[in-house]
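**Q** Turn this into a model:
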Amino acid sequence: MTDSVSSKGHKTPLKIKQGKKMRSFLFLLLGIALPFSASADDHLPQSNVVAMWECTLTEGTTVAELVEWGTGDWKTWIDKLDINVGNYLWEAVSVNPPFDEPDVRWLDYHPGWADFYEMREAWQNKSGALMEQWESMVTCDKPRFAIARPTGGPVPQATDKPIVANVCTLNEGKTLQDAMEFLPKATSLINETVGAEITSFTFTDFIGVTGPDYVSLFTGTTSEMTKVMDGVKNGVFPSAFAGAGLEAPSSCVVDLHHSHELIPAAN
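**A** You can find the predicted model right below:
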């Protein structure tokens, strides 16, 4: 959703708090923190503009109800106006402070900035009762923005899936180019080591985010992601990475969300 202002003074659905960094997800993917790249949520084959809001559920509202609204009334409205957007709801599972307050994150994926502003105008002027429905379910902060780019394999086809995020700071002497070169190799080696099929993408070029240099994200169907998580548990990755001569260019904190697909992002 976009940052329109309602009669209650809140901005549009899912606003991310100003002054807070993008949250991470717990569950160390590899015993090392994987680097970043600019990639989109767990589904995009090309670079996208990502708008993200951090939200707290209204008392009595569940994630399931918000997902039902997103795949129902919200999707119907988007389809009617033929707005070019993909939507995902990230449910917080295990998140490091200071980003552990919001219950959910709402993400809009747009092919370009013109699509974002089309969405913004529609929400401000054509949402009607939809905005009231939204505000009855969540309280959100202002949006943050990033550019998302794919850095892994094929996009997993699943409406619900784990998503692991590494919120990363580059090591001394390392650049984003180092990270971008490392991440595809790391994703491939992870898959090869445990026989999994997961993908990766990155967020970078932030607006409204200070602190991390980038966020790298890993996702796949639940069955594929559990192979990777069990690989972490069993300690198989450090030796695999050492044997391949791969060394992470960043220091990262790692958190876990579950991603609920509301409207698939366009390929």
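
**Q** just checking, L262 is part of a helix?
**A** No: judged by DSSP: H, G, I helix; E, B strand; the rest coil, L262 forms no part of a helix; its state is strand.

**Q** That one contacts N87, doesn't it?
**A** Yes: with contacts counted by Cβ atoms under 8 Å, L262 reaches N87, the gap being 4.0 Å. No exception for glycine: its C-beta is placed from N, CA and C like everyone else's.

**Q** Identify the contacts common to the two.
**A** By Cβ atoms under 8 Å, 6 or more residues apart in numbering, L262 and N87 have these common neighbours: 70, 74-75.

**Q** Do a quick rundown of the helices in the stretch 101-250 of the chain.
**A** If you assign secondary structure with DSSP state H, counting those that start in this stretch, the helices in the stretch 101-250 of the chain sit at 113-126, 129-137, 176-194, 222-233, 237-244.

**Q** Could you single out the most deeply buried of these?
**A** Ranked by average neighbour count under the criterion mean count of other Cβ atoms under 10 Å, the helices of the stretch 101-250 of the chain are headed by helix 176-194 at a mean of 19.

**Q** And for it, what's in contact with it?
**A** 29-30, 34-38, 151-153, 168, 170, 196-200, 202, 204, 213-214, 216, 218, 227-228, 230-231, 236-237, 240-241, 244, 246, 248-250.

**Q** Kindly recompute the last result at 7 Å.
**A** Helix 176-194 is touched from outside by 30, 34-37, 151-153, 170, 196-200, 202, 204, 213-214, 216, 227-228, 231, 236-237, 240-241, 244, 246, 248-250, with contacts defined as Cβ atoms under 7 Å, 6 or more residues apart in numbering.

**Q** What distance do you get for the closest residue to L81 other than its chain neighbours to C55?
**A** Excluding its sequence neighbours, the residue lying closest to L81 (Cβ to Cβ, 6 or more residues apart in numbering) is A122, at 5.5 Å. Counting by Cβ to Cβ, to the nearest Å, the gap from A122 to C55 is 20 Å.

**Q** Excluding covalently adjacent residues, which one is nearest to P212?
**A** Among residues not flanking P212 along the chain, V167 sits closest, at 4.7 Å (Cβ to Cβ, 6+ apart).

**Q** If the one you found is in a bridge, with which residues?
**A** When bridges are taken as DSSP bridges, the partners of V167 come out as V215, V253.

**Q** burial of it, as a residue count?
**A** Around V167 sit 28 other residues, with neighbours defined as other Cβ atoms under 10 Å.

**Q** Which helix or which strand is home to E65?
**A** Under the criterion DSSP states H and E, the helix or strand holding E65 is helix 63-69.

**Q** Nice, that's everything, thank you.
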